[in-house]
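Chemist: Quick one, structure for this:
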Amino acid sequence: MGEHPAHKWNLRYRDAPVGQAEPAQALVQFAHLLPVAGTAIDVACGLGANALFLARRGLQTLAWDLSEVAVAKLQDFARTQGIPLSAEARDVLAHPPPPASADVIVVSRFLDRPLAPRLEQALRPGGILFYQTFTREKVGSAGPISPEFLLGRNELLHLFPNLRVVAYREEGLIGDLTQGLRNEALLVAQQPA
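Modeler: Coordinates of the predicted model:
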């Protein structure tokens, strides 16, 4: 019997500081599309850079991750900084967000293809999805190695077929590889009203 998947992430986050990582580029670059109020969910939040960004903008923010260590550290950091958010150790694959429960969903550097329809359904009418994760076309060794956790070319465009694409970026191996968004694709998409 193998170790619990959370064990690997608990070890990774044990000594990592909260509040130093940057939020996903998809979220920062398109923050002007965020609603002024509503419920936001940071799925597979890690140490919560996206969740902190959302909560600071006044959204009722839920931060979910498999790692109890990451969630506890994020909750403590948010409390000491006076940032209102709710962090929870949650296996999003077993317990995805309920239908029509979120105005904003953010997924950064996490990929589970069967979860995509559940995330799509979790958005309320007019809700926005910010998704950014690693691609198979990579400049360096950043991110996972297994194709199971890497997007194929333009795959992210097709994972959420019922959403309206607002922004998409995937530069792959084109042009000057020292500039631009490399190793990842990003999607901003909206649930039809």
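Chemist: quick one: secondary structure of A21?
Modeler: Using DSSP: H, G, I helix; E, B strand; the rest coil, the structure places A21 in coil.
Chemist: Now the nearest residue to it once chain neighbours are set aside. Its backbone dihedrals?
Modeler: Leaving aside its chain neighbours, A21 sits nearest to A49 (4.1 Å; criterion: C-beta to C-beta, 6 or more residues apart in numbering). Every C-beta, even on glycine, is put in place using the N, C-alpha and C of the backbone. A49 adopts backbone torsions of phi -60, psi -40, taken as degrees, to the nearest 10.
Chemist: I'd like the distance between A49 and L163.
Modeler: Distance from A49 to L163, counting by C-beta to C-beta, to the nearest Å: 23 Å.
Chemist: average model confidence for the top helix by length along the chain?
Modeler: When the chain is scanned for its longest helix (criterion: DSSP state H), the result is helix 68-81. Averaging pLDDT along helix 68-81 gives 93.
Chemist: distance between that helix and the chain's centre?
Modeler: Helix 68-81 sits 17 Å away from the centroid of its parent chain (C-alpha atoms, centre = their mean, to the nearest Å).
Chemist: Tell me which other helices or strands it touches.
Modeler: Applying 3 or more C-beta pairs under 8 Å, 6 or more residues apart in numbering; DSSP states H and E, we find helix 68-81 packed against helix 5-14, helix 49-56, strand 60-65, strand 85-89.
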